[in-house]
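J.: Provided below for reference: sequence and predicted model.
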Amino acid sequence: MDFANSAADGIEQELDWQVPLYEQLHRNPELGLAEHQTSAAVAAKLAAWGFDVRHFGGTGVVGVLANGPGPGVLARADMDALPVTEATGARYASAVPGVMHACAHDIHVVALLGAAKYLADRRDAWRGTYTALFQPAEETAAGSQAMLDDGLAAGIPRPDIALAQHVMPTEAGTIGTTPGPVLSAGDSVRITVHGRGAHGSMPHKSVDPVVLAASIVLRLQTVVSRETIPGEFAVLTVGSVSAGATANIIPDRAELLLNLRTYDLAVRAAMVAAIERIVRGECAAAGSPQEPEFEYYDQYPLTSNDAEANARVTAAFTRTFGADAVYRTAPQTASEDFSRIPDAFGIPYVYWIVGSVPPETYRRAVANGTVDADIPANHSPSFLPAVDPTLRMATRAQAAAALAYLAAQPG
């Protein structure tokens with residue numbers, strides 16, 4: 001039997017425990033680096049199935065299942081929720097005020113657990129080492145680095161390939177893969193510009209940082225429209241501008257919060273240089289009494305799939321789900337910190353997209369041109385994946401991708 005092509009076998013019975021666990025996690029979401037209940041539940045499951053359980057980065061959990069000589073596969077799921085108040089009306093909606101699994105990390109966790117149990121129950125059919133990694137704090141770009149800082153790279157067997165997936169508001173029952181960039185690099189920037197405060201009735205005595213900030217915001221719009229090659233992907237968003245506290249006082253400083261997204265690190269470097277040049281230039285033009293300050297934070301690496309590994313995993317998905325269910329996805333503008341882990345090992349990785357919207361709903365929205373209006377996106381208070389078939393597909397995808405490397409060869 002070609003076990004790599006049989007990842008559907010037995011998955012249905014896993015749903016008997018997976019669905020209640022998913023509902024439990026969805027009802028009890030936990031923010032990044034505080035995933036204590038989730039971490040404990042994951043560790044208990046892995047230990048019961050014979051995994052060697054290890055902890056990194058506080059709430060991070062790793063289960064290692066060594067099954068003879070062979071390749072090493074690392075599969076990762078993120079665990080954290082978001083500071084969002086749920087508005088789905090689901091029977092199992094969040095019971096934690098102001099916190100919600102609005103990005104399907106609860107499905108990621110349960111799907112990886114399902115694949116882990118599937119492999120643990122069928123050790124006679126594969127060889128190698130399977131490592132299931134449950135990462136905290138993806139939403140703040142802190143979790144993968146926290147695990148690495150706590151000794152992850154030296155504390156587990158070195159894998160040969162890393163795997164990860166993400167549930168997105170695309171058609172349920174489909175899997176999207178692509179070679180090369182699949183998620184953007186992301187950077188947040190806090191810029192502080194300085195003026196000279198004065199009474200609101202005496203603007204001639206000030207260097208007004210509000211006017212300065214407004215000039216900077218307008219000028220920054222040219223970084224993408226006039227300094228980035230047409231056709232190159234780049235996003236620059238000014239998400240916040242703050243200065244002053246009352247109408248009759250000109251403050252002495254203003255703060256701008258920017259967000260950047262790119263698929264090309266050279267484009268990112270050019271954008272950073274342009275931002276700093278523009279801000280310094282506008283400060284000089286305004287007569288700012290002090291140099292501006294730049295703080296880069298919540299930085300996400302580029303997620304770019306290895307072409308050969310992506311082709312191998314895509315072929316496994318096509319055999320498992322059928323050609324009609326597997327498509328080439330366009331790169332997503334969202335960002336992830338997963339790639340720091342395989343990069344630390346110097347190994348290739350594959351990251352794919354799992355659909356979550358009932359097919360009839362999604363197809364109707366596509367036909368009407370109303371996907372953006374009718375389909376709640378990740379991080380929306382109304383985001384709620386269709387458990388069936390999303391959880392089943394995500395579980396089978398993790399199993400099929402792992403078995404593309406681990407399945408015992410005949411002979």
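T.: Sure, I can see it.

J.: contacts for stretch 40-53?
T.: 21, 24-25, 55, 61-66, 79, 109, 113, 116-117, 120-121, 132, 134 (CB atoms under 8 Å, 6 or more residues apart in numbering). The C-beta positions use only the backbone N, C-alpha and C, and glycine is treated the same way.

J.: Filter those down to the buried ones.
T.: 21, 25, 61-65, 79, 109, 113, 116-117, 120, 132, 134 (16 or more other CB atoms under 10 Å).

J.: Next up, the contacts around residue 149.
T.: Per CB under 8 Å, 6+ apart, neighbours of residue 149: residue 57.

J.: what do you get for residue 35?
T.: Going by CB under 8 Å, 6+ apart, residue 35 touches 59, 79-80, 136.

J.: want to try a markdown table for those residues, with secondary structure, pLDDT and distance to residue 315 as columns?
T.: Shown next, in a markdown table, are the contacts of residue 35 (DSSP: H, G, I helix; E, B strand; the rest coil; pLDDT from 0 to 100; distance: CB to CB, whole Å):
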| residue | secondary structure | pLDDT | distance to residue 315 |
| --- | --- | --- | --- |
| 59 | coil | 98 | 35 |
| 79 | coil | 98 | 30 |
| 80 | coil | 98 | 32 |
| 136 | coil | 98 | 32 |
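
J.: and which of those residues is nearest to residue 213?
T.: residue 80 (32.5 Å; CB to CB).

J.: ok, and the nearest residue in space to that closest one that is not next to it in sequence, which helix or strand is that part of?
T.: Leaving aside its sequence neighbours, residue 80 sits nearest to residue 32 (CB to CB, 6 or more residues apart in numbering; 4.0 Å). Per DSSP states H and E, residue 32 falls between elements, in no helix or strand.

J.: For residue 38, see how far away residue 32 is.
T.: 11 Å (CB to CB, to the nearest Å).

J.: now do residue 281
T.: 48 Å.

J.: Cross-check the contact I'm expecting between residue 355 and residue 165.
T.: No: taking CB atoms under 8 Å as the definition, residue 355 is not a contact partner of residue 165, at 11.0 Å.

J.: Residue 105 touches residue 77, doesn't it?
T.: Yes: using CB under 8 Å, residue 105 makes contact with residue 77 at a distance of 7.3 Å.

J.: could you point out where the stretch 1-150 of the chain is predicted with low confidence?
T.: Scanning the stretch 1-150 of the chain with the threshold set as pLDDT under 70 gives 1-10.

J.: Tell me where the stretch 1-150 of the chain has strands.
T.: 52-56, 60-67, 72-78, 128-135 (DSSP state E, counting those that start in this stretch).

J.: who wins for proximity to residue 382 among those?
T.: strand 72-78 (20.8 Å).

J.: And the closest one, what does it pack against?
T.: Applying 3 or more CB pairs under 8 Å, 6 or more residues apart in numbering; DSSP states H and E, we find strand 72-78 packed against helix 105-120, strand 128-135, strand 161-171, helix 340-345, helix 387-406.

J.: now the second one and helix 387-406, what's the angle there?
T.: Following axes from the mean of the first three to the mean of the last three CA atoms, to 10 degrees, one obtains 140 degrees for the angle between strand 128-135 and helix 387-406.

J.: Tell me the strands beside strand 128-135, with direction?
T.: strand 60-67 (antiparallel), strand 72-78 (parallel) (DSSP bridges).

J.: Output the ones you listed as TSV; include the columns distance to residue 269.
T.: Listed next are these as TSV, based on distance: least, CB to CB, whole Å:
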stretch	distance to residue 269
strand 60-67	31
strand 72-78	28
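
J.: so which of the ones you listed comes closest to residue 366?
T.: Across the strands paired with strand 128-135, residue 366 has its closest neighbour in strand 72-78 (28.1 Å, CB to CB).

J.: Could you list the residues in contact with the closest one?
T.: Contact with strand 72-78 is made by 105, 108-109, 111-112, 115-116, 128-136, 138-139, 143, 156-164, 338, 341-342, 345, 398, 401-402, 405-406, as judged by CB under 8 Å, 6+ apart.

J.: Swap in 7 Å and give it another go.
T.: For strand 72-78, the external contacting residues (CB atoms under 7 Å, 6 or more residues apart in numbering) are 105, 108-109, 111-112, 115, 128-135, 138, 143, 157-164, 338, 341, 398, 402, 405-406.
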